[in-house]
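J.: Sequence first, then the predicted structure, then my questions.
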Amino acid sequence: MKCPFCGQEDTKVIDSRPAEDNCSIRRRRQCVKCKKRFTTYEKVEAIPLVVIKKDDTREPYDRAKIEAGIFRSCHKRPVSVDSINKLIDEIENEIFNIEEKEIKSSTIGEIVMDKLKTFEAVAYVRFASVYREFKDVNTFMQELKKLLE
């Protein structure tokens, strides 16, 4: 594992234990050169997942896209990075538990919205406004009414 601080390729594992989600291994490492410590996570490599987009094109699943959307929707909200990462892990677990080789992007979007609804209301509305492509204030208000019910 390459050191994120100095780029040295020689690091040693100091501690290893199951992560909180029990689906990965958390490893504390130390760089042999600069002596700085960092954490890595080891996960089982899942079956490659292909996402079917709205226009029927296909692309490999990319966790970073979900992360980017959720981080944007949580911008300036009182939520910690750890809680966001746990949410993303939950979303990813649900996606992979479907056990399909291909999944529609709309299915992923609905899973994300479902999780965000109980996680943080403002983040949910922000995500929904982009995901559902609200055309005007009325469609925005309808989504808010659904949330309030």
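T.: Thanks, I have the structure now. Numbers count the residues shown, from 1 in each chain.
J.: what's the distance between the worst-scoring helix or strand of the chain on mean pLDDT and the middle of its chain?
T.: In the chain, no helix or strand scores lower on mean pLDDT, DSSP states H and E than helix 137-148, which sits at a mean of 75. Mean-position distance between helix 137-148 and its chain equals 25 Å (CA atoms, centre = their mean, to the nearest Å).
J.: Over to stretch 33-50?
T.: 15 Å.
J.: and that stretch, how far apart are its ends?
T.: 40 Å (CA to CA, to the nearest Å).
J.: Check stretch 90-104 too.
T.: End to end - CA to CA - stretch 90-104 spans 18 Å.
J.: what about the most centrally placed residue in the chain, which helix or strand?
T.: The residue lying closest to the centre of the chain (CA atoms, centre = their mean) is Ile88, at 3.1 Å. Counting by DSSP states H and E, the element that carries Ile88 is helix 81-97.
J.: Report the buried residues of that helix.
T.: Residues of helix 81-97 classed as buried by neighbour count (16 or more other CB atoms under 10 Å): 84, 87-89, 91-92, 95-96. Placement of C-beta: from N, CA and C, glycine included.
J.: ok now do the residue located most distally from the centre of the chain, which residues does it touch?
T.: Centroid-distance maximum for the chain: Lys33 at 32.3 Å, with CA atoms, centre = their mean. Under the criterion of CB atoms under 8 Å, 6 or more residues apart in numbering, the contact list for Lys33 reads 3, 6, 8, 10.
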